[in-house]
Each structure stands twice: as C-alpha cells, then as structure tokens.
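In: sequence first, then the predicted structure, then my questions.
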Amino acid sequence: MGISLPDKTIKLLYVDHSQLTAVERLQTLIADNQLPITLDVERIEGKIKQRLAALNAEGEQAALLLDNKNKLSLLKDGLSVAPEWDKLQRRVVSAGRKSELILKAAKISADSQVIDATAGFGHDSLILASTGAQVTMLEQQPLMALLLFSEQQRMSAQPNWQKLMARLTIINTDALSYFAQLQKNKTDQAVAVDVVYLDPMFPEDSYQDSKTGKGAKVGKQMQALHHLAHPPTLDEEMALLNKAQAVVADNQEGRGRVIVKRPQQAPFLSQQNPDESWHNAAVRFDGYFV
C-alpha cells in the first residue's frame, strides 16, 4: 500500500540542452496519465555530485534526475534509485520455473492475464511478462509510476525489448480501487484474470529472523520505497487479500490464484495461511488458490 501525493511540485534535474526533448516527453507522460506532479525543471550547471549534495543540504524532500542516457532516477535522502530494467536482461531471457521461484508459484503461460497490484520498480512484472503473459502493473505512488512510465518508454526504443514492453500496462492507481472497478464492470466478455500478484510494503525488520537478527539487508531501492510509502495495516492486508481473491474467483477456468511475496521470516499476509508456499533462503511466495 502507498500514500498518494497531492498535486506536488518536484525538481527535475537534467544535464544538457540535448535532453530538452526527453524533458518534454516526461511532461507528456505526466499529462497523458494524469499524474498529480508538476516538474520544476533545472539544468545542472557544473558537477552533478555537487548539485546533488546541495539538494541534500537544502533539505529537498525528493527530486528527479534525467541523466545523459535519458534514464530517470529518483533522488531521496542521499539515495539515487531507478528501475534499470536493462540490468535484468539476462534474467528475463533465461527466466523459467526452474530458475525463477515466482514463475513456479504463478504457473502462468503465454495466454495468461496477470495483475501486479504492487508494481514498485517493476522487476517482478518483467519476469512475469517474460512468459508471454499480459501484465497490468498497478502503482499507487505517482513518482514511482512516473519512473515506470519513463522506463517503459526508454526500453521500448530498444528493438529487442519492444515485444516485452508491449505486454506491460502501467496504471497509477491503488489496488483496492482498481479491484473494485473490475468487480463493478465485470461482464461475460471481460478478460478473466489468472493471477493477482501482491508484494506489499512490509516493515524493514521483516527481512531478519526475530531470534538471530540475521537475514537479508534492505537494498537501497527498498529503502527509497520506505521513504515514499508505509506498510499496510492488518485491516488493509485483509482487504487487499480478500479483494484479490474475489478478482481471480471470476476465472471460470478454475485456475485463478493470488501469489504473495514475503520475506522468508515475515508472517503470512493478513495472518491467513496459504494453500501452498515456495521459498528460498531470503524470500517466500505464498499461494492462495480459488
């Protein structure tokens, strides 16, 4: 779950005048997707690191950086993070149920319809879409949604990524509202959802064993998300799981399932026991079948 921002002005830094077209494309993405964001555009004069240090000193809540490769990054509390989908190319190409636990849990194929209800940086969506499935990515936080839109646009310019990008649909909305709209508008002609994938925010200490204190460290991308969103309450978890199950229950082929990603030591979502779990040393995927 996340916190939606009100109409917010955020500083966008860019490096040189050749990027003005890219800046205009960002403005268009914001307008086309009705994101509640206004950009305060500034060209960096001098060294990037010095300007970023000055931003931190000025106490800027967040800023965006468009580098000379047109990659959009979020700057927050000294962190610089971006989706960087191109770094997942090897995983995407070789993804399969033997190599990717998420695919073993989801059991999807090229004709599957998937909703990633908590898209974040979109890495899991890429793995899910690598099967040929159509993936709808929901991201409530407008700044995160802008990063996703920008990254999809950037990667779509690369021929070997175009088919994968075409299988991704990004929507800036919260999951509960989207689920409610699906239920309201469902018809016999509506496309059945095979899998709803949930990777909700959870407390940072969920990564560690409560007894030993050992476990995976929180990466900087997750740290950035913790600055922008809050973990759901138990009531919110329950609503999220129940609504997700209602969506896949409409799958008349009987193959609907909800897959929840959790740190290995974290409790079950909304304290509900799953039908099946798959796990490795760091992460666990819990399956709720309908």
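Out: Now that the structure is in, tell me what you want to look at. Numbers count the residues shown, from 1 in each chain.

In: ok, Asp124 touching Leu198?
Out: No: between Asp124 and Leu198 there is no contact under CB atoms under 8 Å: 10.2 Å. In this view, the C-beta of every residue, glycine as well, is placed from N, C-alpha and C.

In: anything in contact with each of these two?
Out: Both Asp124 and Leu198 are contacted by Lys261, under the criterion CB atoms under 8 Å, 6 or more residues apart in numbering.

In: could you pull out the strands for the stretch 151-290 of the chain?
Out: Along the stretch 151-290 of the chain, counting by DSSP state E, counting those that start in this stretch, strands occupy 168-171, 195-198, 257-263, 276-279, 283-289.

In: nearest residue to Arg255 in space, please, no chain neighbours.
Out: Of all residues not flanking Arg255 in the chain, Asp194 sits nearest, at 5.9 Å (CB to CB, 6 or more residues apart in numbering).

In: burial count for the one you found?
Out: 22 (other CB atoms under 10 Å).

In: renumber starting at 638 from here on
Out: All set: I'll call the first residue 638, so the last point we hit is now Asp831.

In: tell me the contacts of it?
Out: If you count contacts by CB under 8 Å, 6+ apart, then Asp831 has Ile745, Ser749, Gln750, Val751, Ala770, Val885, Asn888, Arg892, Gly893, Arg894 around it.

In: now with 6 Å, please.
Out: With contact taken as CB atoms under 6 Å, 6 or more residues apart in numbering, Asp831 is in contact with Ser749, Gln750, Arg892.

In: what's the answer for Gly759, then?
Out: Contacts of Gly759 (CB under 6 Å, 6+ apart): Pro720, Leu785.

In: now it: how far from Ala918?
Out: Note on Gly759: its distance to Ala918, by CB to CB, to the nearest Å, is 24 Å.

In: quick check: the residue of the chain positioned farthest from its centre vs Leu813, distance?
Out: Residue farthest from the centre of the chain, counting by CA atoms, centre = their mean, is Gly683 at 33.2 Å. In this view, Gly683 and Leu813 are 45 Å apart by CB to CB.

In: repeat that for Glu695.
Out: In terms of CB to CB, Glu695 sits 36 Å off from Leu813.

In: who's more crowded, the two?
Out: Taking other CB under 10 Å, Glu695 and Leu813 do not tie; Leu813 has more neighbours (18 against 9).

In: for the more buried one, give me its contacts.
Out: So Leu813 contacts Lys880 (CB under 6 Å, 6+ apart).

In: Pro779 versus that one, what's the distance?
Out: The gap separating Leu813 from Pro779 is 17 Å, by CB to CB.

In: what kind of secondary structure is the nearest residue to Ala747 once chain neighbours are set aside in?
Out: Leaving out its chain neighbours, the residue that sits closest to Ala747 by CB to CB, 6+ apart is Gly769, at 3.0 Å. Secondary structure, DSSP: H, G, I helix; E, B strand; the rest coil: Gly769 is coil.
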